[in-house]
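Peer 1: here is a sequence with its predicted model. Questions after.
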Amino acid sequence: MTTTHTHNALTAPNRSVAVDGRSLAYRRFGEGPDLVLCLRFRGTMDQWDPLFLDLLARHFTVTVFDYSGLGLSTGRPDYAPTAMARDVHDLLDGLGLDKVVIGGWSIGGIAAMTFTALYPEKVSHLLAIGTMPPGLMTRPTEAIFLATAMKPVNSVEDEYILFFEPNSPRSRALADASLARIAARRDVRDLPTPAEVFITSVAAASDPSTPFPDPDGVYADFFRTTDIPVLALSGDHDPMFPVENWYALNDQWPTLFVATWPDAGHGPHHQYPALSADLIASFVRSTSAN
């Protein structure tokens with residue numbers, strides 16, 4: 001395994017593993033237990049806030065990656081939950097990782113939850129960031145989010161709407177700081193999501209029953225009985241996946257912890273990177289088996 005402690009989020013080189021006829025691109029850095037993070041919709045490895053990742057890397061060996069056919073990875077792109085979970089499974093096999101802390105942001109949280117339910121023996125802890133649990137939504141997505149997400153190119157003002165709290169001067173200022181950090185990586189490439197994947201996924205997200213479908217209750221049943229600790233981290237005003245969807249499960253998932261950051265939207269970890277990284281490290285440490 002390549003040494004990871006000499007790199008950080010801005011300097012970690014692009015690497016890849018060849019698995020099942022495709023190449024999965026990834027970056028690894030940090031020291032400690034393995035933490036694998038799954039991307040948001042339309043995101044690539046370059047869309048993670050490097051400060052958030054570097055603060056995590058003080059406690060974990062962090063791995064970020066691009067889904068099949070997106071970013072620097074090859075293959076057929078597919079945002080179906082089981083397809084994203086398969087990417088995680090194949091990446092772990094390619095890297096020789098047996099058990100990890102799995103996390104995901106937005107649709108990446110759906111990927112992480114699906115992976116956890118399908119391969120629980122490979123997961124020690126689950127992080128669900130700015131995302132929703134399986135099944136129907138208690139509170140639906142706001143129209144302004146979908147209208148903004150459907151734009152081919154997003155402006156800075158759109159970023160405020162999509163990931164922060166646009167009506168809050170404090171949130172906008174913290175958004176500017178996060179966006180500046182993200183822009184600091186020198187080898188960022190403009191690799192847009194293929195149009196057919198973008199259109200299909202956004203159309204599906206307009207139906208509150210489909211962002212994380214669970215018609216037979218299989219995933220819900222799993223999380224009602226698992227002993228894997230789950231941390232749901234949300235902003236208090238997430239227009240895509242409102243935090244109220246997590247509150248509804250407080251007495252149903254026995255290992256669920258819910259944290260809500262005030263004056264925040266769909267990207268709470270980018271608005272409050274230090275607080276989020278500290279919470280995640282404390283959560284994993286405090287809920288690990290002795």
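Peer 2: Everything's here; your move.
Peer 1: give me the neighbour count for residue 90.
Peer 2: 18 (other Cβ atoms under 10 Å). In this view, the C-beta of every residue, glycine as well, is placed from N, C-alpha and C.
Peer 1: my guess is it meets residue 20, correct?
Peer 2: Yes. Between residue 90 and residue 20 a contact is recorded at 6.0 Å, counting by Cβ atoms under 8 Å.
Peer 1: so residue 17: helix, strand or coil?
Peer 2: Per DSSP: H, G, I helix; E, B strand; the rest coil, the secondary structure class of residue 17 is strand.
Peer 1: can you pull the contacts of the residue nearest to it when sequence neighbours are not counted?
Peer 2: Residue nearest to residue 17 in three dimensions, not counting chain neighbours: residue 94, with 3.1 Å by Cβ to Cβ, 6 or more residues apart in numbering. Each residue near residue 94 by Cβ atoms under 8 Å, 6 or more residues apart in numbering is listed here: 17-19, 24.
Peer 1: by how many degrees do the lengthiest strand in the chain and strand 15-19 diverge?
Peer 2: Counting by DSSP state E, the longest strand found in the chain is strand 22-30. Strand 22-30 and strand 15-19 are oriented at 140 degrees to each other (axes from the mean of the first three to the mean of the last three Cα atoms, to 10 degrees).
Peer 1: which stretches in the stretch 51-200 of the chain count as helices?
Peer 2: 81-95, 107-118, 143-149, 156-163, 169-182, 195-205 (DSSP state H, counting those that start in this stretch).
Peer 1: what mean pLDDT does the shortest one have?
Peer 2: This points to helix 143-149. Averaged across helix 143-149, the pLDDT comes to 88.
Peer 1: quick one: contacts for residue 261?
Peer 2: Neighbouring residues of residue 261 by Cβ under 8 Å, 6+ apart: 233-236, 268, 271-272, 275-276.
Peer 1: surely residue 17 and residue 92 touch.
Peer 2: No. Between residue 17 and residue 92 there is no contact under Cβ under 8 Å: 9.7 Å.
Peer 1: more neighbours: which of these two?
Peer 2: Neighbours were counted for residue 17 and for residue 92 using other Cβ under 10 Å; residue 92 has more, 22 against 18.
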